[in-house]
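Colleague: Compute the structure for the input listed below.
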Amino acid sequence: MDILNISEHIRILEELLLHQDFSSSPESLEAMLSEDFREVTPNGTEVKREAVLQWLLNKNSSSRWQFADFEVHILAPGLAQATYHARQINPEKDSSRGAIHSSLWRQNESDKRWQLLFHQSTRVS
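Modeller: The predicted structure follows:
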């Protein structure tokens, strides 16, 4: 897979995580997050995989985010960083200017599937 295909693939995965309703297929969501996944929230708190899985499974299925400035950088074979600005547009949050996101994606050696390893977001003030 070349860099353009990897970039587009990772963008699709990022959008799926926020837009997909996983309530009927939690196993597909679990397959997207690495077993050693962790997240740092906008307030600096570290959150483990299980808490993020629960949030994604229970989020409002009509919520939508607008993505901008999406970039993917290949850090090493099978390791990529996605950076982007996301702002919730449904339901719209009047006071929110969104957040800058950074995600590390690692390609699973056994089945070549990309899995989210790490995510951090920082609110735009």
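Colleague: show me the contacts for the residue nearest in space to the middle of the chain.
Modeller: Against the mean C-alpha coordinate of the chain, by Cα atoms, centre = their mean, the closest residue is residue 14 at 4.2 Å. Applying Cβ atoms under 8 Å, 6 or more residues apart in numbering to residue 14 gives the contacts 67, 70, 82, 84, 101, 103. Yep, even glycine has a C-beta here, placed from its N, CA and C like the rest.
Colleague: same thing but at 10 Å, please
Modeller: 65, 67, 70, 72, 82, 84, 86, 101, 103, 105, 116, 119 (Cβ atoms under 10 Å, 6 or more residues apart in numbering).
Colleague: tally of neighbours for residue 39?
Modeller: Using other Cβ atoms under 10 Å, the number of residues around residue 39 comes to 19.
Colleague: So it is in contact with residue 47, correct?
Modeller: Yes - using Cβ atoms under 10 Å, residue 39 makes contact with residue 47 at a distance of 4.6 Å.
Colleague: shared neighbours, the two?
Modeller: Common neighbours of residue 39 and residue 47 (Cβ under 10 Å, 6+ apart) are 55, 119.
Colleague: Report the secondary structure state of residue 61.
Modeller: Following DSSP: H, G, I helix; E, B strand; the rest coil, the label given to residue 61 is coil.
Colleague: For the residue nearest to the centre of the chain, give me the pLDDT.
Modeller: Listed pLDDT for residue 14 reads 96.
Colleague: Show me what counts as buried in the worst-scoring helix or strand of the chain on mean pLDDT.
Modeller: Lowest by mean pLDDT, DSSP states H and E among the helices and strands of the chain is helix 3-19, with a mean of 90. Neighbour counts over helix 3-19 (16 or more other Cβ atoms under 10 Å) mark 6, 7, 10, 11, 13, 14, 15, 17 as buried.
Colleague: what does stretch 81-92 give?
Modeller: 81, 82, 84, 85, 86.
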